[in-house]
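**Student:** Need coordinates for the below:
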Amino acid sequence: MQVSRMAGSLIGSEIIKIGNEVNDMIRKGEQICNLTIGDFTPSIFPIPEQLRDNITAAYAAGHTNYPPANGTLDLRTAAADFLRQRLSLAYSPNDLLVAGGSRPLIYATYLALVDPGDKVVFPTPSWNNNHYCHLSGAEAVMVETLPENNFMPTAAELAPHLPGATLLALCSPLNPTGTMFTRQGLLEICDLVVAENQRRQPGEKPLYLLYDQIYWMLTFGDAQHFDPVSLRPELRDYTIYIDGISKCLAATGVRVGYAFGPAVVIDKMKAILGHVGAWAPKAEQMATAAYLANDAAVDAFIPTFKTKLQQSLTTLYDGLQNLKAQGYPVDAIVPMGAIYLTAKLDVLGKTTPAGQQLTTTKELTSYLISEARLALVPFSAFGTSDTAPWFRMSVGGASLESIEAALPRLQAALDALQ
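**Tutor:** Okay, here's the model as predicted:
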């Protein structure tokens, strides 16, 4: 059967593939600590009670017809007010576009800005930019980052690749690492984008900045979220933000995301998604609007939610540091935000009890699933080498008890390697 060249060469999500394998094993009764998908198990991390009640009430009130193509005015107004109050970002409701989660909005940003063959610059590891480049026909310019910089890109690393590029795609807090930009680090990158646009001639396509901040409310300790337009207001005409409730409210399945940025770009994204039909359900939009306007409900939910997430992340971090102190070839980066821990398992080249030499992190992933009943995602799923010893641990789908029980199994699996 003949399909398009794009479809024929499309690579599926390695994260979903690993997650499906694990879910099949769980359905068969196996006890596995699943740290793969960036999702939440509702019995462990339920959505806010007020949001749940709002959704039920919205359906009871008959909000089951099509929403406006750019999202209900109630939600766009509530989100604009929320951004103004919490981040001091002043965008009007007409500058916002609502969709069924952040994925359609990221894809619409690519399609609205990138022509086939245009350069898109993004760091590795990062989530899904390689696939969006493939879908849009862009030339992917992947900039490798370093663990000593918490896998966040630096201005020096990005600078050689920005001339002639159409889009720079950034994310903070970062999926998959759970690390974040410092103020100075992001400011230096913003200055590069400003300078690059000042060099371009009238009529030349500018360098746009896609800034995914879907995890911005989930920060830990002294970590602080920063964003481009707050640091450099002159970037307002070039920055498209990706935001929503999927992560900060444990509401991945509620499917309410929103983008905001320059009206001319947002309008084109609206037209694209209008043809795709990637709307968030109207009832969920009405419910989210009411919830975001309820400051007391938000302020009651977020701290408790963050504390629970941080407890799981800290347990993993401390467990790996304890193994490191015992001489095991493991390490981890202190969790700063999101729901992820960056873990290092530097055991490639060793041999399993079955006699298999581990040559890639994919093979190590399979070994850990079978021997430690612990499922992780290697950074190779996010654009890095398949021999780089780094992994993402996502805590939204596992209980604290499951995480605690998995650490001794990990140690035993490492002990079994020769």
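
**Student:** so where is the protein shaky, pLDDT-wise?
**Tutor:** Low-confidence segments of the chain (pLDDT under 70): 1.

**Student:** how about a cut-off of 80?
**Tutor:** Filtered on pLDDT under 80, the chain yields the residue ranges 1, 12-17, 19-21, 23.

**Student:** Check it for its longest helix and report it.
**Tutor:** helix 295-325 (DSSP state H).

**Student:** Just checking: what are the partner strands of the following helix or strand past it?
**Tutor:** Sequence-wise, the next helix or strand downstream of helix 295-325 (DSSP states H and E) is strand 330-333. As defined by DSSP bridges, the strand partners of strand 330-333 come to strand 340-345 (antiparallel).

**Student:** neighbouring contacts of the strand it pairs with?
**Tutor:** 38, 147, 150-151, 175-179, 313, 316-317, 320, 329-333, 335, 364, 368, 376, 389-395, 414 (C-beta atoms under 8 Å, 6 or more residues apart in numbering). No exception for glycine: its C-beta is placed from N, CA and C like everyone else's.

**Student:** Now intersect those with the strands, please.
**Tutor:** In this view, those that belong to strands under DSSP state E are 330, 331, 332, 333, 390, 391, 392, 393, 394.

**Student:** mind putting these in JSON lines, distance to residue 161 included?
**Tutor:** Output for those, formatted as JSON lines (distance: C-beta to C-beta, whole Å):
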{"residue": "330", "distance to residue 161": "32"}
{"residue": "331", "distance to residue 161": "29"}
{"residue": "332", "distance to residue 161": "29"}
{"residue": "333", "distance to residue 161": "25"}
{"residue": "390", "distance to residue 161": "22"}
{"residue": "391", "distance to residue 161": "26"}
{"residue": "392", "distance to residue 161": "24"}
{"residue": "393", "distance to residue 161": "30"}
{"residue": "394", "distance to residue 161": "29"}
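
**Student:** Name the residues that touch stretch 71-78?
**Tutor:** Under C-beta under 8 Å, 6+ apart, the answer for stretch 71-78 is 70, 93-94, 96-99, 256, 258, 279-280, 282, 285-286, 288-290, 292-293.

**Student:** And the nearest residue to residue 297 once chain neighbours are set aside, which helix or strand is it part of?
**Tutor:** Counting by C-beta to C-beta, 6 or more residues apart in numbering, residue 297 lies nearest to residue 50, which is 4.4 Å off, once chain neighbours are set aside. Using DSSP H and E, residue 50 falls within helix 49-60.

**Student:** and if you look at residue 255?
**Tutor:** If you go by DSSP H and E, residue 255 is not part of any helix or strand.

**Student:** so how far is residue 252 from the closest residue in space to it that isn't next to it in sequence?
**Tutor:** Nearest residue to residue 255, sequence neighbours excluded (C-beta to C-beta, 6+ apart): residue 100, at 4.3 Å. Distance from residue 100 to residue 252, counting by C-beta to C-beta, to the nearest Å: 11 Å.

**Student:** How about the contacts made by residue 66?
**Tutor:** Counted by C-beta under 8 Å, 6+ apart, residue 66 has contacts 279, 282.

**Student:** So it, which state does it fall into?
**Tutor:** Following DSSP: H, G, I helix; E, B strand; the rest coil, residue 66 is assigned to coil.

**Student:** can you start the count at 460 instead of 1 from here on
**Tutor:** OK, 460 is where the count begins now, so the last one is residue 525.

**Student:** Return the distance of it relative to residue 823.
**Tutor:** From residue 525 to residue 823 the distance is 47 Å (C-beta to C-beta).

**Student:** any idea where the strands of the chain begin and end?
**Tutor:** So, for the chain - with DSSP E - the strands run 492-493, 555-558, 578-583, 598-603, 624-630, 667-671, 698-703, 716-719, 789-792, 799-804, 833-834, 836-837, 849-853.

**Student:** Mind checking the ones you listed for the one nearest to residue 504?
**Tutor:** strand 849-853 (11.6 Å; C-beta to C-beta).

**Student:** Quick check: which helices or strands does the closest one pack against?
**Tutor:** Applying 3 or more C-beta pairs under 8 Å, 6 or more residues apart in numbering; DSSP states H and E, one finds that strand 849-853 contacts strand 799-804, helix 820-830, strand 836-837.

**Student:** and residue 670, bridged to which residues?
**Tutor:** Residues in beta-bridge contact with residue 670 (DSSP bridges): residue 629, residue 700.

**Student:** Not counting residues beside it along the chain, what's closest to the most centrally placed residue in the chain?
**Tutor:** In the chain, the residue lying closest to the centroid (C-alpha atoms, centre = their mean) is residue 634, at 4.0 Å. Excluding its sequence neighbours, the residue lying closest to residue 634 (C-beta to C-beta, 6+ apart) is residue 586, at 4.3 Å.

**Student:** what residues are up against the one you found?
**Tutor:** 630, 634, 635, 841.

**Student:** Dump those residues to JSON lines, plus distance to residue 596.
**Tutor:** Output for the contacts of residue 586, formatted as JSON lines (distance: C-beta to C-beta, whole Å):
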{"residue": "630", "distance to residue 596": "22"}
{"residue": "634", "distance to residue 596": "24"}
{"residue": "635", "distance to residue 596": "25"}
{"residue": "841", "distance to residue 596": "21"}
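
**Student:** Relative to residue 581, which of these is nearest.
**Tutor:** residue 630 (8.7 Å).

**Student:** how about the closest one, what does it touch?
**Tutor:** 585, 586, 670, 671, 672, 673.

**Student:** how about CSV for these, with distance to residue 533 added?
**Tutor:** Formatted as CSV, the contacts of residue 630 follow (distance: C-beta to C-beta, whole Å):
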residue, distance to residue 533
585, 33
586, 30
670, 25
671, 25
672, 22
673, 21
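
**Student:** What is the burial count for the residue nearest to residue 756?
**Tutor:** Residue 509: 17 surrounding residues under other C-beta atoms under 10 Å.

**Student:** Kindly present the strands of the chain as a markdown table, with separate columns for distance to residue 862.
**Tutor:** Output for these, formatted as a markdown table (distance: least, C-beta to C-beta, whole Å):
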| stretch | distance to residue 862 |
| --- | --- |
| strand 492-493 | 6 |
| strand 555-558 | 33 |
| strand 578-583 | 27 |
| strand 598-603 | 30 |
| strand 624-630 | 25 |
| strand 667-671 | 26 |
| strand 698-703 | 27 |
| strand 716-719 | 28 |
| strand 789-792 | 13 |
| strand 799-804 | 10 |
| strand 833-834 | 9 |
| strand 836-837 | 15 |
| strand 849-853 | 9 |
